[in-house]
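Student: Coordinates for the following, if possible.
(2 chains)
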Number of protein chains: 2
Amino acid sequence: MGSSINLIIPVAGIVAVLFALYLARDVLRRDAGTQAMQDVAGTILEGAVAFIRRQYTTIFLLAIAGAVVIGAIIAVVETPEVADVPSMAGLPIGLMTAFAFFVGALCSMASGIIGMYISVKANVRTASAAQRSLVEAVQVAMRGGAVSGFLVVALSLLGVWGIFTLYSTFVGDVTVEQAPFLIVGFGFGASFVALFAQLGGGIYTKAADVGSDLVGKVEKGIPEDDPRNAGVVADLVGDNVGDCAGRGADLFESTAAENIGAMILGDAVYAIAVAAGWPNPEAWIFFPLVVRAFGLLATIVAIFFVRGKETEDPMNMLNRGYWVTTLLSVVGLGVTTFVMMDTNGATGTGALALPTWVYFFGAGIVGLVTSVVFVYITQYYTAGSFRPVREIADASRTGPATNIISGTAVGFETTLVTAVTIGIALITSYWLGNEAGLVNEEGVNVGGIFGTAVATMGMLMTTAYILAMDTFGPITDNAGGIAEFSRAEKGAREITDRLDAVGNTTKALTKGYAIASASLAAFLLFSAYIDKINVIQGRRIEAGVPGAELLDSVNLANVNVFIAALMAAMLVYFFSSLAIRAVGTTAQSIIVEVRRQFREMPGIMDYSQRPDYARVVDITTRAALRQMVFPGLVAVATPIIIGVLLGYEAVAGMLMVGTIAGVLLATVLNNSGGAWDNAKKYIESGNLKDADGTVLGKGTDAHAAAVVGDTVGDPFKDTAGPSLHVLVKLLATITLVMAPLFFR
Amino acid sequence: MGSSINLIIPVAGIVAVLFALYLARDVLRRDAGTQAMQDVAGTILEGAVAFIRRQYTTIFLLAIAGAVVIGAIIAVVETPEVADVPSMAGLPIGLMTAFAFFVGALCSMASGIIGMYISVKANVRTASAAQRSLVEAVQVAMRGGAVSGFLVVALSLLGVWGIFTLYSTFVGDVTVEQAPFLIVGFGFGASFVALFAQLGGGIYTKAADVGSDLVGKVEKGIPEDDPRNAGVVADLVGDNVGDCAGRGADLFESTAAENIGAMILGDAVYAIAVAAGWPNPEAWIFFPLVVRAFGLLATIVAIFFVRGKETEDPMNMLNRGYWVTTLLSVVGLGVTTFVMMDTNGATGTGALALPTWVYFFGAGIVGLVTSVVFVYITQYYTAGSFRPVREIADASRTGPATNIISGTAVGFETTLVTAVTIGIALITSYWLGNEAGLVNEEGVNVGGIFGTAVATMGMLMTTAYILAMDTFGPITDNAGGIAEFSRAEKGAREITDRLDAVGNTTKALTKGYAIASASLAAFLLFSAYIDKINVIQGRRIEAGVPGAELLDSVNLANVNVFIAALMAAMLVYFFSSLAIRAVGTTAQSIIVEVRRQFREMPGIMDYSQRPDYARVVDITTRAALRQMVFPGLVAVATPIIIGVLLGYEAVAGMLMVGTIAGVLLATVLNNSGGAWDNAKKYIESGNLKDADGTVLGKGTDAHAAAVVGDTVGDPFKDTAGPSLHVLVKLLATITLVMAPLFFR
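Tutor: Numbering: from 1, shown residues only, chains lettered A, B, ... in the order given. Just a heads-up that it's a prediction; the model follows:
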C-alpha cells in the first residue's frame, strides 16, 4: 500500500473543505434571532467587512510587492552554484519562489476572510440559540468556529501538497528531494500575510476594547457592551477581525511552515532510505502531510461529540471533543508511522532494538502529550481558581500598582514550566529519534532532529480542533455583546455569559498551543535552515567557490553570531514595543472620541440619542491600518539586513535566539494578560473578600484596580503576544527563502 | 620600565583607600545639622545598621557554606587530568579556590558595609550643608559617595592583584599563566555576595518605598517622607541598604570578574609574546589591572573638579568631574598601552600597519566612548524633557492603564539603541584587535577577543567616579527626607529637592553603565570560559581521556546547547519574577501595617502621636531577608544543574544566551522604571497641560495615574533590574569556577 497512503492528503483536505461548507450551511440556516439582534449583528458585519476589505487590500498589495521583490532577489542571487535545482537557476527559481509565496499568501488570506465571515454570521445565531438552549448555543458557536478550523488546516495542507506535487511532478528537472526547498516560499507567503493580519487585527481589537472600556466601564460606570457606548460596535468588530482572522492566519502559517520544515528534514531520511533500499523512501518526505491529514479526519469525527446536557459545564462539552480528537490522532499516528516507516525490518539501536516506526510513533505521542500539558499549564496560570490568579486578585486590594506588579511576577513566572516542558519534549523526542538509528553515509545520525519534527507533527494533528475552540471564543464574546446590546432577556444573557467565560479559557489555550508548537518547531526550522545552507554550500563546493565549506556548527563564540543573537533578542522587544504602542495611541484617540460623544450628545445616557458608532469604527480602522505597516516591515527587514551584513552563520544564531526570546516574551505577555483578565473576573464573581469576610466585588477599589490590570493585559495578550508567534515563524521562513542572499 | 609599571596597581589601590579615608574624615567633621536632623538621621542609621548586620550575617554564613561546598567540589572533581595546575590537583586547588572565593566575598562585604556607613553619615551633613550652600551640599554628598566609589574599586583591584601575586609568586608550581584561573574564585565570591546584597537591599528599599508611598501619598494625601507616615523611616533606610550597599556590591563584582576574565584572555597573548620574544610578556596579563589603576588615579583628580557657582545646575558640577575622569582616562590608556604593549616594533596587519599598541588604544577608546553614549541614551529615555517621558506623561491623562501600556512600550523600545550600541562597540573593538595581528602558533588570531577585553577595561576606568555619582543619589534622597522629616526651612528643602532630582538621573546613569559593561564583558567572559574548558581539555587529551577534544565551537544546532539556552533565557524571567514578587508581597504587609497605625493611632495625623517606625523597619527587614535567599539559591543552582545534566558545551550556550536575555530584560526594567518615575516628576513640575492649557499637576487624575506607573517601576528598576546585572555576571563566574564539574 506504500505510497497510496499519500492519497489521504488530498482526500482529507477536500473532505475537510466540504465538511466546512456543510457546517457553514448548517450555521447559516439557523434562526438569526430578533430584529434587534439582527440590527446590531448587521452593524458588526458592516464594520468588520469594511475593515477586512481595507486591511486585506493593503495586505494584498504588500504581498504582490513582496512576491515581486522576492522573485527578483532570488532570480539574481540564485546563480547556478547556489541553486536548489542547478539546471534551473536564476529567473525560473525566482518565479517559482514568487509563485509559491503568492499562493501561500492567497490561501492564508482566503481562510482568514471566509472564517471571519462565518464567525460574524455565527455570533447572532449563537445569541439567538441562547434564548432556547445552552447545548444548541454551544453547537452553533463551535460549528461556526470549526469552519475556520477546517478551512485553515485544509487549505494549508492542500496548498503545500498541491504546490509540492506541481513542482515535483509537472516541472522538469525537479526531484522529490529538491521540491521541499522550492516550496518554502509558500510558508513565507503565509507568514507574511499572518504578520500583517495579526498585527492589524490585534491593534484594532485591543484599541477598541481598551478605549471603549476605559470610558464606558471605568468613567461612566455602564456595563460592558452597553449600547450607549459609542465604542462598543468597534469593540465587537474587533473580536472578529483580531481574534478570528488573526489567529486563523497565525495557525495557517504555523502548519504551513512547520510542514515544509519537516519535509526538508525528511530529505535526510529519504537519502538513507534510498541507500538502504527501503520500499517507500518518499514516505519520509510525505509523512508530515499524511499524519496531519489523519489529524483532520480525527477532528471531523470529534465535532459530533460536542454535545451534552443543558446542565453541563460547556467546557466539558468542548473538552470531550478535544479528547476524541487526541485519541483518534494517536490511532492515526500509529497507523501512519507503521505503514509509512517501512524499513524492511531494520530496527533501532540501543538495548531495545524496536522496529523503527515505534520510535517515531513515540516521538509523535510526545508532541500530543506536550499539547495536552500546555492546555493544563495555561489553565493553571490563567483560570480563576488557582494560585496565580488569586494572587493577583489579592494584590488588587492595595490598588492598581500592586495588581500590575503581581501580574508581571506571574507572567514572568510562567516561563519556568513553559521552558521546562519544551525542554523535556525536545530532548525526549530527540532521544527517541536518535535511538531509531537512522545513520547516513557520512556516519551522522539524522534521526534525532527528525524525531523533533515528528513530535511537532503529532502536536499539530489537533490544530483544526484547537482552532475551532479558539474561534468559539470571539463568537461567544460577540453573542454576549449582541445579547447585551439588543437587551435580550436575562436567560439568554446568562447563557452567553457562561459561554463567554469558556471562550476566554479556550482563547488562552490556543495561545499556549501556538507557543508550544512554535518552540517545538523552532529546532526543526533551525535544522531545516542549516540543511538549506548545506545544500547551497554543497553546490558551491562542487563549483569550486573559494572558502565554501559545510556549516556543521553554528558557533556562538563567533562575534558575528553573538551580535546577530543580540539583535534577534532585541527585535523581539522592539517589535512588541511597536505593537503595544500602536494599541496605546489608537486607544487614546478612541477615548477622546467616545468622551466627546458623551459630552456633546447628552441624550446618549438616557438612550434618547444614538451614539455615532461608525465614526469610532472608522477612526479605529484607519489607525490600525496605519500602524500595522511599520512593525511588519521592521520584522521582515531585520533578518534580511542582518543576513546581508553578518552572513549566513550569524542568521542561524539570530533564528535560534530570536525564537527563544520570542517564545518566552510571548509566554509572558499572553499569560500575564490572561491572568489579569481572569483576576478581574474572579473579583467580579465575588470570590475576593476582605478581612471581615465582606465581598469585594464590582464597584470596589479592588475591582477598579483589577480593571486596570485587565486593560494593560489586553495589548499584551491579544496584540503583541500573538504577533510574536508569527514573528518567530516569519524569521524561519524568511531566512529559508532568502538564504542564498547571505553568502558574501 | 616594562614590568615596573605593575607597581602602579598596589600604589593606586593604596592611594585610593587613603583618599577614601581622607574623604570620610572630611565628611564626618562637617556640621551634622540641627537636633531634629540628627534625631532622624540617628533613627535611619539605627535601622540601616540593624538591617545590614542581619543581612550580612546571613550572607556571611552563606559565603562560608559556599566556600566549603565549592572547595569540596573542586577538590573532588579537579583530578590531575583536568587541573589548572596538574602538580597540585585535588585538595590544594580546592583550598585555593575556596580561599579566593572567601577573600572575594569578604572584600565585597567590607566595601559594601563601609560605603553604606559613610553614606548614612553623609546624608544628614548634606541636609545641614543645604541650609547654607548648594555647592557645599553637592560636595558633601559627592565626597560621601566617593568613599564608596574608591573603596569598591580599590578593594577589587587590591584583592585581585593581591591574591594573584600570592598565588603566582608564593605558591610553588603556579606559573603566571595559570594564576588567573586560580583566582576566578575571587570573582565568584564577589558575585555571590553581590547577588544577596542586591536582592536583599533591593527588596527592602522598594517594598518600603512602595508600601509607605501607597498609603501616605495616595491614600492619605500627605507628602513623601512626611513624619506622620509610619513607613517613612523604613523608606529612608532602604535608600541606603539598597541603593548604596547593593550597587556597590554589584560594581565590585563587575570590576573583579571582568578583570579576571580579561587576564585569562591575556594568557593567550602572553603565549604569543613569549614565542616572539617580546620584552615584557607578562604585561599582557597585568594590563587590565594597570589600566584600571590609572582610572582610579584619574578619578582622584576629578573629585577636586566637582565645584561651581551657587546658581549653577548641580548636574553640571558632577558632569565636569565625569569629563575630567574620562579625559584623564584617555591619557592613562594611551600611556598604558604604549608602555605595556611593547612588541619590539611588530605592527598590525592590514593596510594601516600601525604599531600594535595603537589598535588596543583604539579599542580602549571604544569602551570609554560607549560608556559616554550609554550615559546619553539613559538621559534621553529617562529624563523629563525628551519624547519617551512626555509620551508616558501624555498617556497618563487617560488613566493608569494607558500609563502602564505606554511605559511598557518605552521600556521595550530602549532595547533597540542599547543592543545596537553594544553591537557596534563589540564589532569595532573586535575588528581593531583583530587588525593588530596577534596570531598564535596554531594560526588563530586572538587579538579580536582581546580587543573586546581592552574595550571593557577602558569602559571600567571610570567606575569609581560613576559609583560616586550613583551613591550621591541615595545620599541626597536621604538628605531631602531628613530635611522634610525634620521640617527644615524652605531654602534647605529647595536645595535638597534639586539635588534629589540630579540624584535620580545619576542613579539611572549608573544602571546604564552597569548594563553596558555587563554586555561588553559578556563576550570576554564567554571567551574566558572557553579558554578554561580548553585548558581542561588540553590536560585530558594529554592524559589520554577517551573522547576529549578541544572546544573550538559552541554549536547552537546541538540540542543540549539549545535547551540550555532556553533555560538561561527562562532563568532570567523566573529570577526577576521572584524578585518582583518579593517586593509586592513585602509591600503589601507594610501597607497593612501602616494602615493599621493610621487607624489605631488617630493622633498621628495631627502630630500628637508618633508612629511606630521601628515596627515597620522590623517587618521590612524580616521579609526582605526571608525573601532574598530563594532567588539567590535558584540563580546559583541553575547553571550548576544545567552543567551537570547537559555538559560543558551547553553551559557555554547558557552563558551567552543568558547574558543576552539578562542584559535586555534589565534594560527594559531599568529604563521603564526610570521613565515612569520621571513622567510622574514631569507632571509634578506642571509640564503636562490639557487641551485648554490648564496644568494637570499634583492631585489630578493624570498625576494619580503617573504615581501608579512610578510605583510599578520601583521594583523593576531598583530590585529586579540591578539584580539581573549581578545574575549575568554570576553566571560567568560560577561556570568559570565550576567548569571541571561539567565533564561527563
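
Student: Only C-alpha atoms from now on, for both contacts and neighbour counts.
Tutor: Fine.

Student: which residue sits closest to A:Met461, ignoring its sequence neighbours?
Tutor: Closest residue to A:Met461 apart from its sequence neighbours, by CA to CA, 6 or more residues apart in numbering or on different chains: A:Gly295 at 4.2 Å.

Student: Assess the claim that the one you found and A:Val331 are in contact.
Tutor: No. With contacts counted by CA atoms under 8 Å, A:Gly295 stays clear of A:Val331, the gap being 9.7 Å.

Student: what about those two, which has more around it?
Tutor: More crowded of A:Gly295 and A:Val331, by other CA atoms under 10 Å in any protein chain shown: A:Gly295, with 30 against 14.

Student: Averaged pLDDT, the host helix or strand of that one. What do you get?
Tutor: Assigned by DSSP states H and E, A:Gly295 belongs to helix A:283-303. Here helix A:283-303 scores 93 as its mean pLDDT.

Student: buried set for the helix or strand just after it?
Tutor: Using DSSP H and E, the helix or strand that follows helix A:283-303 in sequence is helix A:314-340. The neighbour-count check on helix A:314-340 (16 or more other CA atoms under 10 Å in any protein chain shown) flags A:314-315, A:317-318, A:320-322, A:324-326, A:328-330, A:332-340 as buried.

Student: what's around the one residue in the stretch 101-250 of chain A that gets nearest to chain B, how many residues?
Tutor: Closest to chain B within the stretch 101-250 of chain A is A:Leu214: 8.0 Å, counting by CA to the nearest CA. Per other CA under 10 Å, the neighbour tally for A:Leu214 reads 26.

Student: State the distance from the nearest residue to it once chain neighbours are set aside to A:Val215.
Tutor: The shortest distance from A:Leu214 to any non-neighbouring residue, by CA to CA, 6+ apart, is to A:Ile591 (7.3 Å). Going from A:Ile591 to A:Val215 by CA to CA, to the nearest Å gives 6 Å.

Student: Also A:Ile70?
Tutor: 45 Å.

Student: just A:Gly709 next, same as before
Tutor: For A:Gly709, the distance to A:Val215 equals 16 Å [CA to CA].

Student: More neighbours: the two, which one.
Tutor: A:Gly709 (34 against 23).

Student: you'd agree that one is up against A:Trp676?
Tutor: Yes. In this structure, A:Gly709 is within contact of A:Trp676 by CA under 8 Å, at 5.4 Å.

Student: Mind listing the shared neighbours of the two?
Tutor: A:Gly407 (CA atoms under 8 Å, 6 or more residues apart in numbering or on different chains).

Student: could you give the angle of the biggest helix by length in chain A to helix A:314-340?
Tutor: The single longest helix within chain A, with elements called by DSSP state H, is helix A:490-542. Interaxial angle, helix A:490-542 versus helix A:314-340 (axes from the mean of the first three to the mean of the last three CA atoms, to 10 degrees): 30 degrees.

Student: C-terminal to helix A:490-542, what's the next element?
Tutor: helix A:559-600.

Student: Let's test this: mean pLDDT of the next helix or strand after that following helix, rounded?
Tutor: Sequence order places helix A:613-646 as the next helix or strand after helix A:559-600, per DSSP H and E. Looking at helix A:613-646 alone, the average pLDDT works out to 90.

Student: Let me see the contact set for A:Leu730.
Tutor: A:188, A:191-192, A:195, A:636.

Student: go with 6 Å
Tutor: A:Ser191 (CA atoms under 6 Å, 6 or more residues apart in numbering or on different chains).

Student: So it belongs to a strand, correct?
Tutor: No. Assigned with DSSP: H, G, I helix; E, B strand; the rest coil, A:Leu730 falls outside any strand and is helix.

Student: Mind listing residues that contact the helix or strand bottoming out on mean pLDDT in chain A?
Tutor: Ranked by mean pLDDT, DSSP states H and E, the helix or strand of chain A with the weakest confidence is helix A:179-182, at a mean of 81. Helix A:179-182 has contacts (CA under 6 Å, 6+ apart) with A:168, A:264.

Student: quick one, the first helix or strand past that helix going along the chain and helix A:559-600 angle?
Tutor: Counting by DSSP H and E, the element after helix A:179-182 in chain order, helix or strand, is helix A:184-213. For helix A:184-213 against helix A:559-600, the angle by the same axes, to 10 degrees is 40 degrees.

Student: between helix A:184-213 and helix A:613-646, how many degrees?
Tutor: 140 degrees.

Student: starting at the chain centroid, how far to helix A:184-213?
Tutor: Relative to its parent chain, helix A:184-213 has a centroid offset of 11 Å by CA atoms, centre = their mean, to the nearest Å.
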